[in-house]
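Chemist: here are the coordinates; sequence isn't available:
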């Protein structure tokens, strides 16, 4: 029987959201992707406030850095300071190549930092590698693992 995997995608670029969803569909893992558009909405989701009071805790957060209202750096800081959220793995998935962003986000507790490629094929490959790594190789805190279709 398949394990349902919950991935929270925090991304303001709707084109990247569609690419991500298509790429994860090809991963052959049972992944439910939930999308929020910015950091403020992400924290509402994670804290289960307002319209998100009945959602599941995600197994992984894919976090963009540069977003309106609350950016990914602020989200990461809040998550890692919160005893209920700090163990959720966070993969920073951003267009940034800045050494300062890489160092800062790792220092704040990000589990991985991945720069989004511009090329569709490379984007698809990287997303699949992230999914395979996090859901077939890594042991998550609650023991969840993905299963191939």
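Modeler: On my side now, so go ahead. Every value quoted in this text rests on a predicted model; they were computed, and no experiment measured them.

Chemist: Quick check: phi and psi on residue 52?
Modeler: When read as degrees, to the nearest 10, the backbone of residue 52 gives phi -100, psi 20.

Chemist: how many other residues sit next to it?
Modeler: Residue 52 has 16 neighbouring residues, counting by other CB atoms under 10 Å. Backbone N, C-alpha and C define where each C-beta goes, glycine included.

Chemist: Find the residue closest to it in space, skipping its chain neighbours.
Modeler: Leaving aside its sequence neighbours, residue 52 sits nearest to residue 45 (CB to CB, 6 or more residues apart in numbering; 4.6 Å).

Chemist: Ok, residue 23 next?
Modeler: residue 127 (3.6 Å).

Chemist: Name the helix or strand for the one you found, please.
Modeler: Secondary structure assigned from DSSP states H and E places residue 127 in helix 120-132.

Chemist: What residues does residue 8 make contact with?
Modeler: Going by CB atoms under 8 Å, 6 or more residues apart in numbering, residue 8 touches 34-36, 42, 45-46, 58, 60-62.

Chemist: still on that earlier bit, okay, now the residue nearest to residue 52: neighbour count?
Modeler: Residue 45: 21 neighbours (other CB under 10 Å).

Chemist: Now do the strand or helix carrying it: which elements does it pack against?
Modeler: Using DSSP H and E, residue 45 sits within helix 39-46. If you count contacts as 3 or more CB pairs under 8 Å, 6 or more residues apart in numbering; DSSP states H and E, helix 39-46 packs onto strand 5-10, strand 31-36, strand 60-63, helix 72-81.

Chemist: still on that earlier bit, what separation is there between the residue nearest to residue 52 and residue 55?
Modeler: From residue 45 over to residue 55 the distance is 6 Å, taken as CB to CB, to the nearest Å.

Chemist: Mutual contacts of those two, please.
Modeler: In contact with both residue 45 and residue 55: residue 34, using CB under 8 Å, 6+ apart.

Chemist: Many thanks, I have nothing further to ask.
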